[in-house]
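Colleague: What shape does this take:
(chains A and B)
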Amino acid sequence: MFTIFNQSLRRWKWQIIGWGSSMSIIAVYLMWLYKPMLEQQAQLKNLFDAYGKEMLSFFGGTADIFSAGGYLNFAFFSYVPVAIGILALLLGSGLVVADEEKGTLDLILAHPITRTALFWGRWLALAATLTAVLLLAWLGFAVGLSWTGLDTTAWQVLLPHISLLSILLLFGTLALFLSLLLPSRTLAASVTGVLLLVSYFVTSLASINDTLEPLNTFSPLKYYQGGSAVNGLEWGPLLSTLGIALVLAALAWLLFQRRDIRVSGEGNWRLPFLK
Amino acid sequence: MNDSSIVLLAQGLTKSYGRVQALRGVELEVQRGEVFGFLGPNGAGKTTTIRILLDLIRPDGGTVRVLGLDPQKDALEVRARCGYLPGELHLEDAETVETILKQFNTLRGGKADWTYIRNLADRLGLDLKTQTKNLSKGNKQKVGVVQALMHRPELLLLDEPTSGLDPLIQQEVHKLIGEAKADGATIFFSSHVIGEVEQLADRVGIIRKGMVVEVAETQALIKRALRRARVRFGGEIQVPTLEDIPGVSILSRSADSVTLRVEGEMDALIKELAKFPVIEFETERPSLEEIFLAYYER
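Modeller: Below is the predicted model:
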């Protein structure tokens, strides 16, 4: 399993470096931006009032924007699940099916490794890759904290990253599960992407429209704390999100165990439970 | 024969892809140390059979034993002791040949002998420093051959091993297969190139529409099966008389001669011919190709 884990991490090193350094640079910039924003509170409040509350809801609202949690949420954690979510769903949907579609999985699995070791080795590498990207983002915030007036600590800023990791793992694993259920990786990634966007819209708009609340109950992003996690993690939603991600991973593993490894031109797609 | 001498065993193997029945009860038995050629046209079920042996796909029914083990329950041991060359070989594009081989070696616990690997690459004219994305189909196939042989497996499962290779390299691969056999390995290879099977295989199995229709020693199959006979007579004869003989069919005829295809024993034909003034009688041993085609014409 650790051989597969190491090989997968090596394969994704450029994703870690690219996404991680980008997030880190954004984090440093946002830390630098906080002081000038604080100095222009009055003008900014006027500016925000000019925007519709519907639009601001996509950034977590502006009620608490000059507090540590409110600012981090508005400037970063409100929209970043969608941004890094793209990485998560691309990695998740391709975790095993990308190699199958390329035709390389056939030969890999002819070597003395079990399907279980391959699956969990890669899933752990997915988790490690997302963790590494978020740690680089956090590093940017931690470095930036030294010259910003944001009233928080590096440890506190780490907490929203943990909440974010759980939601990214959920969507990455959902993409993995769907890739083993649907005919292609592209379709699995597309369906997961649509679900991510729907969740983002529903949860954002539910904050200003109560009629969306029943639907919001089923939206994964409702259980994501965002920047407010600097004040402490809500363990219930966090563990529930992680738990659902693990259940999806276990279901995907079962599908992979039963699966005929496809090579181009061999076999037709069918729903696994109709076999 | 005791059980340990049987390296591959398939009994009543069935497999369907939706409505397409790829295997319809494949029966196979391959003995230790032999080179077994699995012959059939595209779509006959050769690749499906091989992939079931490595648990890459699961059969709908039947029993499989590889090296005495169940490939589903003992997948690790089976794969550790087998070398596999897929029919459609795909490699990671962003790596050199050496890196790819190192990765495969790592998956096998890093036990391969790199002197042997370099020797194999030299013999096949394969540059280990080349990026795999720059390799031609033939050169990719060479990588496949090297990775299948590099850990000196007990059992080689080769799906169309010389596909895409030029004739010189094909001969080198044939030599490598011969050397593996001399070292005690069992080789099970599929091919639709009849000359290759005729040259390499101790025994041959012919698969047709998902069923093994014949298994025999290659030479025995050639000897016992079809022959072509040309007969020249001293005078006109009644050709239909010969057609009545079981196993005899007429390929061409003229006023004083006839060319026949004879399946099985020649005794009845010779006894019938003895009734006529025969000036010349020639028989020709068939190629494996003719035998193979005869199975497909049935």
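Colleague: mind listing what whichever residue of chain B sits closest to chain A touches?
Modeller: When distances are taken as CB to the nearest CB, chain B approaches chain A most closely through B:His90, which lies 3.3 Å from it. Heads up, the C-betas are built off the backbone N, CA and C, glycines and all. Neighbour list for B:His90: A:Lys102, A:Gly103, A:Thr104, A:Asp106, A:Leu107 [criterion: CB atoms under 8 Å, 6 or more residues apart in numbering or on different chains].
Colleague: For the stretch 1-150 of chain A, list the residues in contact with chain B, please.
Modeller: Where proximity means CB under 8 Å from any CB of the partner chain, the interface of the stretch 1-150 of chain A facing chain B comprises A:3, A:7, A:102-104, A:106-115.
Colleague: Run through chain A and note the low-pLDDT ranges.
Modeller: By pLDDT under 70, the low-scoring segments of chain A are A:50-63, A:264-275.
Colleague: residues in contact with the residue nearest in space to the middle of it?
Modeller: Compute the mean C-alpha point of chain A, and by CA atoms, centre = their mean the closest residue is A:Leu168, 2.2 Å away. A:Leu168 makes contacts with A:Pro81, A:Ile84, A:Gly85, A:Leu87, A:Ala88, A:Leu130, A:Leu134, as judged by CB under 8 Å, 6+ apart.
Colleague: Spatially nearest residue to it, not counting backbone neighbours?
Modeller: Excluding the flanking residues, the one nearest A:Leu168 by CB to CB, 6 or more residues apart in numbering or on different chains is A:Ala88, at 4.3 Å.
Colleague: May I have the residues that are in contact with the residue in the stretch 51-200 of chain A that chain B sits nearest to?
Modeller: Going by CB to the nearest CB, chain B is nearest to A:Gly103 of the stretch 51-200 of chain A, at 3.3 Å. By CB under 8 Å, 6+ apart, the residues touching A:Gly103 are A:Val263, A:Ser264, B:Glu88, B:Leu89, B:His90.
Colleague: Report how many residues lie close to residue 88.
Modeller: Because you didn't say which chain, this covers chain A. As a burial measure, A:Ala88 scores 27 neighbours (other CB atoms under 10 Å in any protein chain shown).
Colleague: To clarify, I was referring to chain B.
Modeller: Each residue near B:Glu88 was counted by other CB under 10 Å, and the total is 16.
Colleague: Which secondary structure state does it sit in?
Modeller: Look at B:Glu88: counting by DSSP: H, G, I helix; E, B strand; the rest coil, its state is coil.
Colleague: cool, and the one 3 residues further on?
Modeller: Taken by three-state DSSP, the conformation at B:Leu91 corresponds to coil.
Colleague: for A:Ala83, same thing?
Modeller: Assigned by three-state DSSP, the conformation of A:Ala83 is helix.
Colleague: So B:Leu9 belongs to a strand, correct?
Modeller: Yes. Membership of B:Leu9 in a strand is supported by three-state DSSP.
Colleague: so the residue nearest to A:Leu168 touches A:Ser166, yeah?
Modeller: No. A:Ala88 is beyond contact range of A:Ser166, at 11.2 Å (criterion: CB atoms under 8 Å).
Colleague: In helices, which of the residues of the stretch 1-150 of chain A next to chain B fall?
Modeller: The helices, defined by DSSP state H, take in A:Thr3, A:Gln7, A:Lys102, A:Asp106, A:Leu107, A:Ile108, A:Arg115 from the residues of the stretch 1-150 of chain A next to chain B.
Colleague: now for the residues you listed, which pair is the farthest apart?
Modeller: With CB to CB as the measure, no two of these lie farther apart than A:Thr3 and A:Lys102, at 19.5 Å.
Colleague: Alright, that wraps it up for me.
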